[in-house]
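[1] Build me a model from this:
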Amino acid sequence: MSKPVTVPPATVPHLGSCHCGAVRFEVRLKPDFQATRCNCSICAKTAITGAIVKPDAFRLLSGEDDRGSYVWGGQVATRYFCKHCGIHCYGAGYLAEVGGDFVSVNLNTIDAIDVNELEIGHWDGRHDNWMAGMRDKPWPVFGSEIHSIAS
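    You can find the predicted model right below:
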């Protein structure tokens, strides 16, 4: 008896860009993708709502020379933004807690997605509390709840 073939979930292509259109990309998201926010200092200051995908689900269409990049702290990821309009489009890096190599796309740069309509999972990156996982409400920036298990 042969093993059943596992069919990977279908993905939907989405086009994204910075504000001025110099940086354009395509990302393939599963229909049930998880939108996330992180409370680390850079994510909080840029107000990113992201979706994490494997690198083969992302393709830069234009603007390689129009991108600036920024790496900070633990150097987990390089964040890419448009040098002209300043919009953060995506980041790429490696973090074992999110499955290894990843691209994190700023969902605000995809015109066909309204982030206000999405359920959001929240990470506690400010305290390197990745092992607690995501939860459905924001992690506190300060306070006694910082190192609690995800609820």
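[2] what about Ala35, how many neighbours?
    17 (other CB atoms under 10 Å). In short, each C-beta sits where N, CA and C put it, glycine included.
[3] Just confirm it contacts Gly121, I think it does.
    Yes: counting by CB atoms under 8 Å, Gly121 is a contact partner of Ala35 at 7.0 Å.
[4] ok, the residue nearest to Phe58 when sequence neighbours are not counted - contacts?
    Excluding its sequence neighbours, the residue lying closest to Phe58 (CB to CB, 6 or more residues apart in numbering) is Val103, at 4.2 Å. If you count contacts by CB atoms under 8 Å, 6 or more residues apart in numbering, Val103 has them with Val27, Ile52, Val53, Lys54, Pro55, Ala57, Phe58, Tyr90, Gly91, Ala92.
[5] thought the fifth one was touching Gly91?
    Read that as Pro55. No: between Pro55 and Gly91 there is no contact under CB under 8 Å: 11.6 Å.
[6] Please identify which of these two sits among more neighbours.
    Gly91 (24 against 12).
[7] For that one, give me its contacts.
    Gly50, Ala77, Thr78, Arg79, Tyr80, Val103, Ser104.
[8] same thing but 7 Å
    Contact analysis of Gly91 by CB atoms under 7 Å, 6 or more residues apart in numbering lists Ala77, Thr78, Arg79, Tyr80, Ser104.
[9] tell me, what residue is most central in this structure?
    Nearest to the geometric centre of the chain sits Ser104, at 2.8 Å (CA atoms, centre = their mean).
[10] average model confidence for the helix or strand containing that residue?
    Take DSSP states H and E as the rule and Ser104 turns out to sit in strand 100-106. For strand 100-106, the mean pLDDT works out to 95.
[11] Could you list the paired strands of that strand along with their orientation?
    The strands that strand 100-106 pairs with in its sheet are strand 50-53 (antiparallel), strand 88-95 (antiparallel) (by DSSP bridges).
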